[in-house]
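[1] Need a 3D model of the sequence below.
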Amino acid sequence: MKFMKLGTRPDTFFSNESVRSVCTEVATDLQILVGDCLYQLHKFPLLSKCLLLQALCAESGCGGNGGDVIELPGFPGGVEAFDACAKFCYGITVTVSARNLVPLRCAAAHLGMSEAADRGNLSAKLDAFLASCLLRRWKDALAVLNSTRHYAPLCEDIGLTSRCVDAVAALIANPAALPSHSTSASPWWAHDVAELGVDLFWRIMVAVKATGVVHEKTVGDALKAYARRWLPNVAKDGIVVGADQPFDGAGNGDDVNASVKQIATRHRLLLEKIVSLIPAERDAVSCSFLLKLLKAANILSASATSKAELVRRVAWQLEEATVGDLLIPSLSCVSETLYDVDAVAAILDEFALRHAAAIAAAAPPPPPALAVSPDDDSPARSGGHRRSRSAESVGFDGGARRSSSAAPVSPDALVRVGRLVDGFLIEVARDPNMPLDKLLAIAEAVPDSARPEHDGLYKVVDTYLKVHPEMSKSARKRLCRVLNCRKLSDKACAHAAQNELLPLRVVVQVLFFEHARAAALAGGHATATELPSNIKALLQSKSGSEEDDTDRVDEQRLRVLAAGASPGDDWSVEGLRRAASKIATLRMKLEEDDHDGGGDDDDEFVRRQQAGLARSASLRFRAFCAIPAAKPKRMLSKLWPLARGVTTERH
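    Numbering: from 1, shown residues only. Sure thing, here's the model as predicted:
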């Protein structure tokens, strides 16, 4: 650390209890009270260099030992700084370094020790030493800047803080003259700058970004280092833990609640400052770091502007996140859920806007004749996605910012987001307090192209049904509407066929698509795009009547068929006749439920169902012709019963 010596005379100051004087043959004629210390000095050396003392003496007319005492309350730097200034006036040697330069400079400014009072005064000498030596050295410049926080108002008035901030920013932007000791995780200067208070750190980062020399990724690494240094750890119950504070005057009062509130307020200020410094470049900071900031923003009740910015940035690079990153603890008094689902829904809403903007940018412009009017709110105008209320309320400036920052979403990134959302839904589906509406809203917020397979979504449905066994039949059907049985793998189909929690309609759909897939793999042409009419009639009749013991038996028989059970006594001729009789009974129930309708309509419905059964039998016969020789018995057990049922019914 560099230092400078001012003056050449030996130290002649001495103390007598609380009185401090100078040892000379001339009697003292000036008394100055600084704090609890009374100085007995001489007018000539002090008044010739201090404009403040000249004015105070002229106003009070103080004289010798019996005169008035000049008081200097709140003197910057206290007794030590005034002692050094007085020694400089007497020509006694004073040592100046980065540790005491700021209080000396503030004391000199307070006393008026400028060039207007005397040439070569203390203020000019300190400024020259600061500019020529201290601000050119990294450690000294940081030490001087860090000490300005104790005298912030006066340092701002004399421009000392601004000079130090600009000097530190210049050293960061031009590190060639300084030894590099960087690590792979953060730049070489991040650890040292992280020791500064939040206000000084913010000003340095603004100055660094203004230079345009430092890469934005480097700025992001510095922000992460600062957040790791000062942001508190968050426990599961939401209590903020952290002792070190990057602020001045931390509350040490007796009121614990007031102290905790004060600490939370200061950390909230720190978080909002960090958010405002995040560079505009997409990969400047990781998505995991952004989500950690969002978790802290929820706990610290940060401003809505900061939360909205974090949500937008997370949606910008959502494909980089993990399921653990999205598990944001819920601290709302209104919601009883374990995790903040609303925050994730807002992120997915922003991601949908990004995806829609990317599609719109890639699509060719429409011809003038087919241009959409500005008042059109059709799905085509929003890229196939419904616009959110937040998107509709964005003005011209917000819309331009969103469109300019929209990054294209590759197909691989879209699939990663789909898997991420399914993994998140599996975790929140284990929450007994999770509402069905919110679960479905998140499941439907992802484009269909993001899920080439629905195995993850099926696991979500299965988990939610297990945790919520009290769900009604209509709620289970509503939950299962998000599933596409065509996209289930063989393993998922086998599990769904034996899943007693699923509605019967879903089991039948799984069965049908599994058979169609098997026929297609066998080289046959018995593929279909919808359920056979006989199964439709069975489902319609069951949906129009209440479940009883007979219906449950039919459901069990269908599940046995879906599970691939081998034909037994139940599939004998008598068994098939009983099945046909039960189908007829279900039709009679349907006719009773629809007694308000005309008889002609009922006859037409029956004829339509018979025609559907005949077509289904024809399709199954053609599928049977395509059965491979290795597995005739199993396929026969699944395809033959309904065909026999048609024959029995005709007789």
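[2] now residue 20: how far from residue 13?
    Look at residue 20 and residue 13: by C-beta to C-beta, to the nearest Å, they are 6 Å apart. (Glycine included, C-beta is placed from N, CA and C.)
[3] Residue 285 too?
    Taking C-beta to C-beta, one finds residue 285 at 55 Å from residue 13.
[4] about what we covered before: so residue 20 and residue 13 - more neighbours on which side?
    residue 20 (20 against 15; other C-beta atoms under 10 Å).
[5] now the more buried one, which residues is it bridged with?
    Taking DSSP bridges as the rule, residue 20 bridges to residue 15, residue 39.
[6] can you count the residues close to residue 306?
    That count, for residue 306 with other C-beta under 10 Å as the rule, works out to 20.
[7] Could you do residue 448 as well?
    Residues contacting residue 448 under the criterion other C-beta under 10 Å number 12.
[8] Ok, residue 54 next?
    17.
[9] Test my guess that it contacts residue 47.
    Yes. With contact defined as C-beta atoms under 8 Å, residue 54 counts as touching residue 47 (5.1 Å).
[10] sorry, back to before: shared neighbours of residue 20 and residue 13, anything?
    For the pair residue 20 and residue 13, residues contacting each of them under the criterion C-beta atoms under 8 Å, 6 or more residues apart in numbering are residue 83.
[11] Tell me where the chain is predicted with low confidence.
    Scanning the chain for pLDDT under 70 picks out 61-67, 175-185, 233-258, 332-335, 362-407, 523-651.
[12] per-domain residue ranges of it.
    As assigned by the TED database, the chain contains the domains 1-134, 355-362+407-521.
[13] JSON lines for these, including distance to residue 313?
    What follows is the domains of the chain, written out as JSON lines (distance: least, C-beta to C-beta, whole Å):
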{"stretch": "domain 1-134", "distance to residue 313": "37"}
{"stretch": "domain 355-362+407-521", "distance to residue 313": "11"}
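[14] wait, which of these is closest to residue 209?
    domain 355-362+407-521 (20.9 Å; C-beta to C-beta).
[15] The closest one spans what distance, first to last residue?
    One end of domain 355-362+407-521 to the other measures 35 Å (C-alpha to C-alpha, to the nearest Å).
[16] do the same with stretch 431-438
    Stretch 431-438 has its terminal residues 12 Å apart, counting by C-alpha to C-alpha.
[17] How about stretch 294-313?
    For stretch 294-313, the separation between the terminal residues is 10 Å (C-alpha to C-alpha).
[18] What are the neighbouring residues in contact with residue 480?
    Counted by C-beta under 8 Å, 6+ apart, residue 480 has contacts 461, 502-503, 505-506.
[19] no, scratch that, I was asking about residue 412
    For residue 412, no contacting residues are found, by C-beta under 8 Å, 6+ apart.
[20] Identify each buried residue in whichever strand or helix holds it, please.
    Element membership for residue 412, per DSSP states H and E: helix 411-428. Buried residues in helix 411-428, defined by neighbour count with 16 or more other C-beta atoms under 10 Å: 413-428.
[21] Identify the farthest-apart pair in these.
    The span of the buried residues of helix 411-428, defined through C-beta to C-beta, is set by 413 and 428 at 22.5 Å.
[22] moving C-terminal of the host helix or strand of residue 140, what's the next helix or strand?
    According to DSSP H and E, residue 140 maps onto helix 138-147. Next along the chain after helix 138-147, taking DSSP H and E as the criterion, comes helix 152-157.
[23] what sits against the closest residue to residue 486 other than its chain neighbours?
    Distances taken as C-beta to C-beta, 6 or more residues apart in numbering place residue 513 nearest to residue 486, at 5.6 Å, with adjacent residues excluded. Listed by C-beta under 8 Å, 6+ apart, the contact partners of residue 513 are 485-486, 488, 493.
[24] contacting residues around residue 3?
    Residue 3 makes contacts with 95-97, as judged by C-beta under 8 Å, 6+ apart.
[25] sorry, that was for residue 41
    Residue 41 touches 21-22, 28, 30-32, 86, counting by C-beta under 8 Å, 6+ apart.
[26] Give me the subset of those residues that lies in helices.
    residue 86 (DSSP state H).
[27] quick revisit: what about the domains of the chain, which gets the closest to residue 220?
    Across these, closest to residue 220 is domain 355-362+407-521 (C-beta to C-beta), at 16.2 Å.
[28] And residue 437, how far from residue 444?
    Look at residue 437 and residue 444: by C-beta to C-beta, they are 11 Å apart.
[29] Comparing the two, which residue is more hemmed in?
    Between residue 437 and residue 444, counted using other C-beta under 10 Å, residue 444 has the larger neighbour count: 13 against 9.
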